[in-house]
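Undergrad: could you look at this predicted model? Sequence included:
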Amino acid sequence: MSLEEISMLATMTEILDDVFGQRDLNVQFNLAMMTQVAELDNDRHVKMSIVEFIDAFGRIADKISVQVSSNITIYNLILDYP
């Protein structure tokens with residue numbers, strides 16, 4: 001899976017917003033990619049394996065869950081306000 005395919009997946013699932021944008025998605029993609037020895041010989045450094053995809057998926061879910069849980073905390077504080 002390439003960066004363009006991950007971007008299309010994120011767009012279709014509507015996870016990109018003001019807090020988690022395209023730049024954050026690109027960073028998570030790059031962090032999930034394993035280091036390649038010969039980047040000049042093949043295009044392996046721009047295509048993910050299944051293990052790298054699962055890693056990127058987990059990283060993205062982790063970043064999004066922090067955003068959602070902080071919104072829930074703020075919402076609960078508003079409800080408890082006298």
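TA: Here it is on my side, so go on. Numbering: from 1, shown residues only.

Undergrad: who's in contact with the residue nearest the centre of the chain?
TA: Using CA atoms, centre = their mean, the residue of the chain that lies closest to the mean C-alpha position is Ile60, 2.9 Å off. Contacts for Ile60 were tallied using CB atoms under 8 Å, 6 or more residues apart in numbering; they are Ala10, Ile15, Phe20, Leu25, Gln28. C-beta coordinates here come from the backbone N, C-alpha and C atoms, glycine included.

Undergrad: now it: which helix or strand?
TA: Taking DSSP states H and E as the criterion, Ile60 maps to helix 50-80.

Undergrad: where does the protein dip in pLDDT?
TA: Judged by pLDDT under 70, the chain has its weakly predicted residues at 39, 42-45, 66-82.

Undergrad: if you set the cut-off to 50 instead, what comes out?
TA: Within the chain, the set of residues satisfying pLDDT under 50 is empty.

Undergrad: can you tell me the closest non-neighbouring residue to Lys63?
TA: Once flanking residues are discounted, Lys63 sits nearest to Phe20: 5.8 Å by CB to CB, 6 or more residues apart in numbering.

Undergrad: what's the answer for Ile6, then?
TA: Nearest non-adjacent residue to Ile6 (CB to CB, 6+ apart): Phe29, at 5.6 Å.

Undergrad: what sits against the one you found?
TA: Here Phe29 is in contact with Leu3, Ile6, Met48, Ala56 (CB under 8 Å, 6+ apart).

Undergrad: can you lay out those residues as CSV showing secondary structure?
TA: Putting the contacts of Phe29 into CSV (DSSP: H, G, I helix; E, B strand; the rest coil) gives the following:
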residue, secondary structure
Leu3, helix
Ile6, helix
Met48, coil
Ala56, helix
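
Undergrad: quick check: the gap between the residue nearest to Ile6 and Ala61.
TA: 14 Å (CB to CB, to the nearest Å).

Undergrad: what do you get for Leu9?
TA: Distance from Leu9 to Ala61, by CB to CB: 13 Å.

Undergrad: right, and Ala10 touches Arg23 too?
TA: No - counting by CB atoms under 8 Å, Ala10 does not reach Arg23; the two are 11.9 Å apart.
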